[in-house]
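# sequence and predicted model, in that order:
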Amino acid sequence: MTTKHEQILDYIETLEVGSKISVRQIARELKVSEGTAYRAIKDAENKGTVSTIERVGTIRITKKEKENIEKLTYAEVVNVVDGQVLGGRNGLHKTLHKFVIGAMKLEAMMRYVDPGSLLIVGNRDNVHKIALEAGAAVLITGGFDAQDDVKKMADAYDLPIISTSYDSFTVATMINRAIYDRLIKKEIALVSDILTPLTKTSFLVTTENVGRWHELNEKTLHSRYPVVDPNMKVQGIVTSKDILGERNETPISKVMTKHPLTVNEQTSVASAAHTMIWEGIEMLPVLDQYHRLIGIISRQDVLKALQMIQQQPQIGETFDDLITSQIKDVSTPSESRYSCEITPQMTSLLGTLSYGVVTTLVTEAGSRVLKKYKKGDLVVENITLYFIKPVQIDHTIEIVPKVLEVSRKFGKVDVEIYHEGSVVGKALMMAQLIDR
């Protein structure tokens, strides 16, 4: 039986895109408390099915698929630029495919404006009208208002006119940053990208017995299976160790390991890998928002995904990418050694090498040297840093990592940082190793 929270989420998904939603309306229609309705609306907002806009309210929007994540809706633009909607509210759910800054004569500008674009422009009333006629929404910078006939036209065409107090350059930077952040998020591998779906997953039900495990084992050659109840909610895991010496008639519920570790679709692959290494497990059940089984991931799936991430070029560069791209390998046959020039982006307010950047450099150097000893991936568990002398902009430092100990699951590395022959920093790094 579904809960009230689930019923509200299902109801929201049945609403037309662009519909307005309020706590009182949902509480009245579904006969639930306003607190329950509020929590469900917030959950729907986190899932991307509704968007809350200041001075407009909450509206139903289309949930973006992962491959379309770099595109923004007009509703999201309003939030990004702290804007005010002057007209065309019914079109806020629409997706824009590009934005254009109107900083030229009208005739020249309109060559770049087409349906689905967003024109960023100041208080040029004639431009507002012609942009709407061309099928583009308008973002007015400088906090200016639009004429009444333009607002009516926007309502008729369902194309938003948004006003913001920021200037054109700042607005373009803010929107660009929002898209750039999404590009980086798009590159993060999630469990949903690698899971084995339910249709291809073998599982046991709590009402079955050990004999059924043997049947599945002969058919699939797997040794681990999730155990679910009749409602598909995960109750445990059964492995070959659990059924050793058990009779075929023994109920699965008696031998299974209860309260297993699980992940959801939005868990990152890196986080799942960490859980698997730390707990020493080979398989994790994947659950949906209602805690029902939707698939599984194995250690092999996770390792394959981590290898793919390393091989693919990033579309949006993270801070780590920008820092590690400066590292040059100057190793000799007898020792590992890396050099790095300190750029202005790597410094603190005082003009010296930032503590966070030092941590990244130590992690990268330690990871590279450990991979020479043991092929595979790793997760850093602990770093102890000693800052001996400050390092200034444009200085070139040398990072010398030395492996102290490598076991099957752990590695310890001593890292020394030099500038012109003198030690400026030392570190001890410990990492968990993922077997291939």
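Arrived safely, thanks for sending.
# neighbours around residue 147, how many?
Other residues near residue 147 number 14, with proximity taken as other Cβ atoms under 10 Å. Any C-beta I mention is one placed from the backbone N, CA and C, and that applies to glycine too.
# residues contacting it?
Neighbouring residues of residue 147 by Cβ atoms under 8 Å, 6 or more residues apart in numbering: 125, 128.
# let's see that with 10 Å instead.
Contacts for residue 147 (Cβ atoms under 10 Å, 6 or more residues apart in numbering) come out as 86, 123, 125-126, 128-129, 153.
# same thing with residue 255?
Residue 255 neighbours (Cβ under 10 Å, 6+ apart): 209-210, 213, 227, 236, 238-239, 241-246.
# ok, residue 207 next?
Counting by Cβ under 10 Å, 6+ apart, residue 207 has contacts 229-230, 251-253.
# again, but for residue 58
12, 19-23, 25-26, 41-42, 44-45, 50-52, 75.
# try 6 Å
Contact analysis of residue 58 by Cβ atoms under 6 Å, 6 or more residues apart in numbering lists 21, 50, 52.
# and if you look at residue 81?
164, 171, 174.
# tell me how far it lies from residue 120.
9 Å (Cβ to Cβ, to the nearest Å).
# name the residues contacting each of those two.
Joint contacts of residue 81 and residue 120 (Cβ under 6 Å, 6+ apart) are residue 171.
# can I get the contacts of residue 147 in TSV with secondary structure?
Formatted as TSV, those follow (DSSP: H, G, I helix; E, B strand; the rest coil):
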residue	secondary structure
86	strand
123	coil
125	helix
126	helix
128	helix
129	helix
153	helix
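# contacting residues for residue 264?
residue 287.
# kindly state the beta-bridge partners for it.
residue 287 (DSSP bridges).
# next one: residue 51
Under the criterion used (DSSP bridges), residue 51 bridges to residue 59.
# from what I can see residue 396 touches residue 341, true?
Yes: in this structure, residue 396 is within contact of residue 341 by Cβ atoms under 6 Å, at 4.9 Å.
# got the buried residues for the helix or strand containing residue 297?
Applying DSSP states H and E as the criterion places residue 297 in strand 293-298. Neighbour-count burial for strand 293-298 flags 293-298 (criterion: 16 or more other Cβ atoms under 10 Å).
# now those residues in CSV, with distance to residue 327?
Shown next, in CSV, are the buried residues of strand 293-298 (distance: Cβ to Cβ, whole Å):
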residue, distance to residue 327
293, 43
294, 40
295, 38
296, 37
297, 32
298, 33
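# and the least confident of these?
Lowest pLDDT of those: residue 298, 89.
# so how many other residues sit close to the closest residue to residue 292 other than its chain neighbours?
Leaving aside its chain neighbours, residue 292 sits nearest to residue 232 (4.3 Å; criterion: Cβ to Cβ, 6 or more residues apart in numbering). Counted with other Cβ under 10 Å, the neighbours of residue 232 add up to 16.
# this structure - how does it break down into domains?
Residue ranges for the domains of the chain, per automatic domain parsing: 4-60, 66-187, 192-307, 319-434.
# about what we covered before: tell me the most packed of the contacts of residue 58, by neighbour count.
Busiest of the contacts of residue 58 [other Cβ under 10 Å] is residue 50, holding 25 neighbours.
# so what's the residue nearest to that one when sequence neighbours are not counted up against?
Distances taken as Cβ to Cβ, 6+ apart place residue 44 nearest to residue 50, at 4.7 Å, with adjacent residues excluded. Contact analysis of residue 44 by Cβ under 6 Å, 6+ apart lists 9, 12, 50.
# okay, now the unreliable bits of this structure?
For the chain, the stretches with pLDDT under 70 are 1, 55, 63-71, 182-188, 307-318, 435-436.
# alpha carbons only: can I get the lengthiest strand in it in CSV?
Counting residues, the longest strand found in the chain (DSSP state E) is strand 422-434. The C-alpha trace of strand 422-434 is given here as CSV (Å, rounded to 0.1, in the frame of the first residue of the first chain):
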residue,chain,number,x,y,z
SER,A,422,64.9,22.9,0.3
VAL,A,423,61.9,21.2,1.9
VAL,A,424,58.8,23.4,2.0
GLY,A,425,56.3,20.7,3.0
LYS,A,426,55.9,17.1,4.0
ALA,A,427,52.9,14.7,4.0
LEU,A,428,51.9,11.1,4.9
MET,A,429,49.0,9.7,2.8
MET,A,430,47.1,6.4,3.4
ALA,A,431,44.8,5.0,0.8
GLN,A,432,42.5,2.0,0.3
LEU,A,433,43.2,0.0,-2.8
ILE,A,434,40.5,-1.5,-5.1
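# ok, back up a step: now, among the buried residues of strand 293-298, which is nearest to residue 181?
Nearest to residue 181 among the buried residues of strand 293-298 is residue 297, at 26.3 Å by Cβ to Cβ.
# residues touching the closest one, list them.
191, 194-195, 284.
# follow-up on the earlier one: weed out the non-buried ones from the contacts of residue 147.
86, 128-129, 153.
# need those residues in a markdown table with distance to residue 146, can you?
A markdown table is the format used below for those (distance: Cβ to Cβ, whole Å):
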| residue | distance to residue 146 |
| --- | --- |
| 86 | 5 |
| 128 | 6 |
| 129 | 9 |
| 153 | 9 |
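# can you pull out the strands in the stretch 1-150 of the chain?
20-21, 50-53, 57-60, 72-73, 84-87, 95-96, 98-101, 117-121, 137-140 (DSSP state E, counting those that start in this stretch).
# comparing those, which comes out most buried?
strand 137-140 (a mean of 28; mean count of other Cβ atoms under 10 Å).
# from the middle of its chain, how far away would that strand be?
Centroid separation between strand 137-140 and its chain, computed with Cα atoms, centre = their mean, to the nearest Å, is 29 Å.
# who does it pair up with?
In its sheet, and by DSSP bridges, strand 137-140 pairs with strand 117-121 (parallel), strand 161-163 (parallel).
# identify all contacting residues around it.
74, 118-120, 128, 131, 159-163.
# dump that strand to PDB, restricted to CA.
C-alpha atoms of strand 137-140 as PDB (Å, rounded to 0.1, in the frame of the first residue of the first chain):
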ATOM      1  CA  ALA A 137      12.000  35.000 -24.500                       C
ATOM      2  CA  VAL A 138      13.400  38.200 -23.200                       C
ATOM      3  CA  LEU A 139      15.600  38.900 -20.200                       C
ATOM      4  CA  ILE A 140      15.700  42.700 -19.400                       C
END
